[in-house]
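Engineer: what follows is a protein structure lacking sequence information:
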């Protein structure tokens, strides 16, 4: 299958204990291979790897040149049914399946997952490295700064934000000639020169000269005065902390900025356009171009103002030049993992990076990648946005289902994070379960619509009964048309618990792929939104707010209507209303607003109320997090 | 001198060119030793080093245990006269002196400098890695993310900020019993347990029990309701971007936070208390304790509310557990450098870290550390705050002076960044120079007041004439009482250009040190402020705003009056007014406000207008920064 010369792979033996200890205890008592060994086992050359401490590394993009003629492995996407707020173990399944494929079945496997945000890590959710005996380690490093990619995004995003407001301020009190002199001052040789960045705008405006002094006063004005309309600024600041008090703010209230104050807000960094660019870019040059295309506002004359116009896209690329390289880590059983790009498939596209997947496909027989939340969210975006940008063809969809979530869809009591589960979930209840199964069937049908075989992973919890598990498994295959369905116990047993799943995935991967997109790009924005609403969510139609109508007209005028659509929708329902469980019927999707991420390459409708900044609960997860001063170890990270 | 077994040190030969190329060109065409070699030459053990790519590493604090009985090297502080806005080459001198000591005189030398902020790097100032043939390399990594320490500070600072506002929100709509149930819920065993962090507050309140259910309703209320008075919040958010529109903001204007909005702002990260803690801490435990002591606000009852009370100091420590380790890099001539903690000695204390200096002193014969801006700013804080916290005794002060700055102090025309220099500065003018020399004499006298011998480094610029340089040199020794003075050309020639300086420093370091602090800690806050104002700045006295008076009374009541004082003052004058050059007389210092950095361990008077967030100019430095897509190299970083 794979032409690369294999180095011997050494599986790390698990030290299984019962009852299963806490995630951090398992992670800290596990054996770690040096990351240099992981890299060597993958066939990476020493000059292709940059170490960040003993257990993390970045892999340089040059590896893609070396391996351009190598065959590609099979491409497996892990998604889920509509989850409860607790999550159904998608990352855990992604890791467990990989451990089974690599450590037990001896395939070359790579896992591609996303770096978690510090917001939920210290807020509600805790860590995201998987769980039990299916984890990525060291889980502290995975859950904290990793190699700083998210921080680089924050820096690049906020440099552009500062550039916008500073530019408005400086334009407000300068004449055209002052602006020209300040932006293009004479150099040491006494002559004016366009900087590289300035030259981009010169060319965009269609001026052929390289000599600033050739410009007419009108050309100087057009070049130097961006004339940003403050009311059109869509670029927000970001931070990777769950800080709800930054959702809505007024900036510019300092003494020296008075008169220019305006309302804006912060989003969580992982939901930013820069994160989307990182996930969707295919090279350093492509990233540089995408940053240049990012539209931050309109001019008073209605022209799109980009990061290139602000002269900041080069600096943004420089800030992101390390972040573009995927991060190499390992699972508890010693298989290799790429951690790259970010989560939040509800308000972003929430997929790991194309570059990580591309490199992985050249290094491994099987690449297991995860897309966020349910198949209506991350998987739809995986197919219609990510695979469209990459040109990669997936082979198998693994759909994670749990008895707990299906019972919720069948009408079970509300599931709330931090509160004990109702006994409906911990005792056998086949009727409740049966009533919820249509949600799973909807997701199977959805994945099959793209022409990809589906393997259902029934992620077993301790209280699930054999009859319940069998009911789910059978419905998946017989009613849903899944290629296969397997009950999994990887949380308790590691790769061994996902062995049946892994074998089914290998079989499914040998099926012919008939992959197709849901919609062609040349449809209008509204047609694309309506296709997703009807065919994915099962809605009767779509209603647009006046703001959304206005923006759609504007984006169509600006030529952004040929981009794919990235829906910002709750992950807790197939509909826009998190309270509607199962397979809701008879609803219409409200589009409250729509934004354009021109650099990332999609438009971004916001369905109902979608917060782009989480909050902290009364008792945030940070209450448990500390350093044990005796051992120097992190405690309380879940 | 040093008991450590020396590994052979290999100097990196410079490839001197004329005219001197740009900083980034010199840096990119220089030879780099692998950082593993630098570590080995220093005598570090492999297990004491964590690599971040091939040219950066973190050094673990465990090395201090291993070397606790090793003798300490000589401790040299580099400071300057009152600078022009262009800076007088202090970092360049720090690096050049080190290159001379290490690569030419064959001493074991370590350089300890501060990590620059991305704000000025992309704003006005450009990079801060030194310049010409005296630089720290790779300069791109030095000037950009390095190993993420500043990003970790941003994360830790803003987690505390989010915790404050979220806590106020959650307390506002919950009963005491609800708060108790949410903060101390029953665990899986059905019993309530105090988390480690919660237990700190339990003990602070004097409750002896470990069982939450033992608490009376009144005790529960006191424990769980912090009752923060929003008007007393002194903790601001931070960001490492020069973003002037964040200086004054209103937060909490989101729909779900309505009614709790309040005015606040962002500071630049490097000016934050967490950065000060990083610089002043002496161990992981000490850092944990300091974070716990940080006072963020007062309760409505007037009690100090700390990060420990918020339950966030453990998570802050976890976020900073890598940042506490100094970063190892190298100079152009291959001598080792620690880069640790941050700049801004005007609004912060602006010194590199105690831990870097402590480790360096155990590894080297000579440790050259830099303190920010003039001797009235960074050096005063180096002595009275940093050396007080560390117990380390400095041996020599190197005072950097330039003909340019002295001419400015003598009444020369205004020096403005980005504008060509007046010819008063580029042609010989001995009268102007002579008139400015008292500023240098004041700084020499100031350093000598602490009992430390002073060596003046006259940093030569191309247009300085021999007569001008000799005038400065002679005045320093004969009028100022400097131990020695040497003309330096390290910018043009590397270490060779600082050879005479290095020899003078070695001689001075053999003088007996009679180090003493300027003031004892048991004086009142006002007495301390007034001692610095009179003896360091030459002021006639101090005036306090009503707000400052109120805060001083409050801080005295709370017991913060025994801390040293960290003045926030312009670095462009010995006075608080940046327009007063030379040695101003007949002025009084206005204290506009005063803040307490209890975790860092100082109070923090703000003299006149001091912005804690820089702004971007019309043409920010980022306009030149880009990636060369052919080579992958960074261009335009100065």
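Structural biologist: Yep, that arrived. Note that the structure is a prediction, hence the values are computed from the model and not measured.
Engineer: the residue of the stretch 301-450 of chain A found nearest chain B sits in which helix or strand?
Structural biologist: Closest approach between the stretch 301-450 of chain A and chain B, counting by CB to the nearest CB: residue A:314, at 3.0 Å. Quick note: C-beta positions are derived from backbone N, CA and C, even for glycine. If you go by DSSP states H and E, residue A:314 is part of helix A:313-319.
Engineer: how far off centre is that helix?
Structural biologist: Centre-to-centre, helix A:313-319 and its host chain are 21 Å apart (CA atoms, centre = their mean, to the nearest Å).
Engineer: then stretch A:359-376?
Structural biologist: 12 Å.
Engineer: how about stretch A:433-443?
Structural biologist: With CA atoms, centre = their mean, you get 26 Å for stretch A:433-443.
Engineer: ok, longest helix in chain A?
Structural biologist: helix A:149-172 (DSSP state H).
Engineer: coming back round to it: wait, the residue of the stretch 301-450 of chain A closest to chain B touches residue A:287, no?
Structural biologist: No. Between residue A:314 and residue A:287 there is no contact under CB atoms under 8 Å: 11.4 Å.
Engineer: that older thread, tell me the mean pLDDT over the helix holding residue A:314?
Structural biologist: For helix A:313-319, the mean per-residue pLDDT is 97.
Engineer: the stretch 401-550 of chain A against chain B: which residues are in contact?
Structural biologist: Proximity of the stretch 401-550 of chain A to chain B (CB under 8 Å from any CB of the partner chain) is limited to residues residue A:418.
Engineer: tell me which stretches of the stretch 401-550 of chain A form helices.
Structural biologist: Using DSSP state H, counting those that start in this stretch, the helices found in the stretch 401-550 of chain A span residues A:403-409, A:423-426, A:430-449, A:466-474, A:490-493, A:499-509, A:525-535, A:546-557.
Engineer: buried sites along the last one?
Structural biologist: Within helix A:546-557, the residues that qualify as buried are A:548, A:551, A:552, A:554, A:555, counting by 16 or more other CB atoms under 10 Å in any protein chain shown.
Engineer: what are the boundaries of the strands in the stretch 51-200 of chain A?
Structural biologist: A:57-59, A:74-80, A:109-113, A:130-131, A:134-137 (DSSP state E, counting those that start in this stretch).
Engineer: now swap in the stretch 251-400 of chain A and tell me
Structural biologist: Under DSSP E, counting those that start in this stretch, the stretch 251-400 of chain A gives strands at A:262-264, A:266-268, A:295-298, A:304-306, A:327-331, A:336-339, A:366-374, A:396-401.
Engineer: of all the residues in the stretch 1-150 of chain A, which ones are close to chain B?
Structural biologist: A:50-54, A:58, A:118, A:122, A:140, A:144-145, A:147-148.
Engineer: apply 6 Å and report the result again.
Structural biologist: A:50, A:51, A:52, A:53, A:118, A:122, A:145, A:148 (CB under 6 Å from any CB of the partner chain).
Engineer: surely the first one and residue B:53 touch.
Structural biologist: Yes. Here residue A:50 reaches residue B:53: they are 4.4 Å apart, a contact under CB atoms under 6 Å.
Engineer: per-residue pLDDT, the residue lying farthest from the centre of chain A?
Structural biologist: The centre of chain A is farthest from one residue, residue A:190, which by CA atoms, centre = their mean lies 48.7 Å away. For residue A:190, the model assigns a pLDDT of 85.
Engineer: which residues does it contact?
Structural biologist: Applying CB atoms under 6 Å, 6 or more residues apart in numbering or on different chains, one finds that residue A:190 lies in contact with no residue.
Engineer: switch the cut-off to 10 Å
Structural biologist: By CB atoms under 10 Å, 6 or more residues apart in numbering or on different chains, the residues touching residue A:190 are residue B:420.
Engineer: over to residue A:384?
Structural biologist: Per CB under 10 Å, 6+ apart, neighbours of residue A:384: A:349, A:450, A:517-519, A:521, A:528, A:531-532, A:536, A:564-566, A:602.
Engineer: do that again at 8 Å, thanks
Structural biologist: Applying CB atoms under 8 Å, 6 or more residues apart in numbering or on different chains to residue A:384 gives the contacts A:517, A:518, A:519, A:532, A:564, A:565.
Engineer: how many neighbours does the fifth one have?
Structural biologist: Same thing as residue A:564. 22 (other CB atoms under 10 Å in any protein chain shown).
Engineer: one step back: so which of the strands of the stretch 251-400 of chain A gets nearest residue A:437?
Structural biologist: Ranking these by proximity to residue A:437 (CB to CB) places strand A:396-401 first, at 8.9 Å.
Engineer: now residue A:109. Nearest residue, chain neighbours left out?
Structural biologist: residue A:102 (3.8 Å; CB to CB, 6 or more residues apart in numbering or on different chains).
Engineer: can you give me the end-to-end span of stretch A:93-112?
Structural biologist: Length of stretch A:93-112, first residue to last, CA to CA, to the nearest Å: 12 Å.
Engineer: any buried residues in that stretch, and which?
Structural biologist: Those would be A:93-105, A:107-112, for stretch A:93-112 by 16+ other CB under 10 Å.
Engineer: all set now, cheers.
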